[in-house]
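Participant: Structure, please.
(one chain, ligands or ions: 1)
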Amino acid sequence: MFSYRHAFHAGNHADVLKHMALLATLQHLTQKQAGLTVVDTHAGAGLYRLDGDYAGKSGEAMDGVLKLFSQLRPAGLNSTSKTSQTYAQSTHLATNGVAKQAGTPHDLAPALLAYMDLIAHFNPGGQLKVYPGSPFVIQHLLRMEARDRLKLFELHPTDSKTLAANIAQLQAGRQVAVARLDGFEGLKALLPPPNRRALVLIDPSYELKTDYGKVSACIQDSLKRFSTGTYAIWYPVIPRPEAHDLPRRLKTLATQAKKPWLHATLAIGADPAQGMDERPGLRASGFFLINPPHTLKAALAAALPQVLQALGRGAGKGYTLDAGG
Ligand code: SAM
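Facilitator: Here you go, the predicted model:
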């Protein structure tokens, strides 16, 4: 049950898709003055080292955020946030020299630029050593004055402790709460939120194939409790019937509830350097939103081709973007 550790995967292409879309969603939702409740049902550890043992062993960020920065990093990315100073100073990291300063003339799509800017905030030294997971991506956008709230669920005994310690460094007080509970169950008590505005991120590890069914059941239940919330679900695109069915089920649930949806996938394709006997790692993933911001489709339509150009490898690479409702 607890063999999955997100530290092995932090900053991979799936995180790039998920966190870029999450950030664009939050940028839109925090434009309205009214307070927002954000729930991250599967939060992970919050912050990851890109040069640590886990990330080093898997090398997944090399095909994700590290490659993105080495190919696209524009000059002048902002790296002066409150958070970046704190985390760079509190983590003692060796350098791996991965983030080449290309000083490029690329016209980056705003959603991609915002994502890269956020990552740069956490790495003020210029080299990518730290990767912010969803709790930190989200918290970065929350507003004290609007009384936005973030509720984080993480079940793993070690990762939930690490998450709590990482969040404590933010000194965010009541703005952020961490619970070592099942996120599918914990969410029920939070809907509808008192301020009637919510974004729910559902990002399980799918270590157990029952997670696929739990996601659809959770969305069905959540739409009954709070039909106007924005729901964002990440899933792996792998040859497994449950994974194939999940976006179809989500579409059906959104359509039955008469709610708009948006579905984005990103596939980096086969690794040309991979041997025939090696098991391929994750090559593609999807992000499905119900009640997405009306601006998100255009934002992703501009950003995804650029992400694909930077991260695409071989056969099977591509992206899709669909919307309905
Ligand atoms: N959302 C994180 C991010 O984007 O940075 C990554 C989360 S990772 C894909 C999934 C996490 O869910 C793992 O850390 C795992 O321990 C945790 N987990 C698994 N089952 C859970 C459950 N039922 N409730 C809460 N957390 C769970």
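
Participant: can you pull out the helices in the chain?
Facilitator: Using DSSP state H, the helices found in the chain span residues 13-29, 53-58, 65-72, 82-90, 110-121, 134-141, 157-168, 183-188, 210-225, 241-256, 296-311.

Participant: Let's see the third one as PDB, backbone CA atoms only.
Facilitator: Coordinates of the C-alpha atoms in helix 65-72 are reproduced here as PDB (Å, rounded to 0.1, in the frame of the first residue of the first chain):
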ATOM      1  CA  VAL A  65      11.200  20.000 -15.300                       C
ATOM      2  CA  LEU A  66      14.900  19.800 -15.700                       C
ATOM      3  CA  LYS A  67      14.600  19.300 -19.500                       C
ATOM      4  CA  LEU A  68      12.100  22.100 -19.700                       C
ATOM      5  CA  PHE A  69      14.400  24.500 -18.000                       C
ATOM      6  CA  SER A  70      17.400  23.400 -20.000                       C
ATOM      7  CA  GLN A  71      15.600  24.000 -23.200                       C
ATOM      8  CA  LEU A  72      13.300  27.000 -22.500                       C
END
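
Participant: Write out the residues of this protein neighbouring the ligand.
Facilitator: Proximity of the chain to the ligand, by CB under 6 Å from any ligand atom, involves residues 4, 6, 18, 40, 42-44, 133-134, 153-156, 159, 182-184, 203-205. (C-beta placed from N, C-alpha, C; glycine too.)

Participant: measure the residue in the stretch 51-200 of the chain positioned nearest to the ligand to Leu163 for me?
Facilitator: Closest residue of the stretch 51-200 of the chain to the ligand, CB to the nearest ligand atom: Gly133 (2.7 Å). Distance, Gly133 to Leu163, using CB to CB, to the nearest Å: 8 Å.

Participant: Common neighbours of those two, please.
Facilitator: Shared contacts of Gly133 and Leu163 (CB atoms under 8 Å, 6 or more residues apart in numbering): Ala43, Gly44, Ala45, Gly46.

Participant: Show the buried residues in those residues.
Facilitator: Ala43, Gly44, Ala45, Gly46 (16 or more other CB atoms under 10 Å).

Participant: Can you lay out the residues you listed as a markdown table showing pLDDT and distance to Arg143?
Facilitator: Formatted as a markdown table, these follow (pLDDT from 0 to 100; distance: CB to CB, whole Å):
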| residue | pLDDT | distance to Arg143 |
| --- | --- | --- |
| Ala43 | 98 | 20 |
| Gly44 | 97 | 23 |
| Ala45 | 97 | 25 |
| Gly46 | 97 | 20 |
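
Participant: Now distance to Lys67 too, for the residues you listed, in JSON lines please.
Facilitator: Output for those, formatted as JSON lines (distance: CB to CB, whole Å):
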{"residue": "Ala43", "distance to Lys67": "25"}
{"residue": "Gly44", "distance to Lys67": "21"}
{"residue": "Ala45", "distance to Lys67": "23"}
{"residue": "Gly46", "distance to Lys67": "23"}
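
Participant: Next, the distance between the ends of stretch 194-211.
Facilitator: End-to-end distance for stretch 194-211, by CA to CA, to the nearest Å: 28 Å.

Participant: Quick one: low-confidence residue ranges for the protein.
Facilitator: Within the chain, the stretches with pLDDT under 70 are 1, 54-57, 74-106, 275-279.

Participant: still on that earlier bit, of all the helices of the chain, which lies closest to Ala273?
Facilitator: Closest of the helices of the chain to Ala273 is helix 65-72, at 13.4 Å (criterion: CB to CB).
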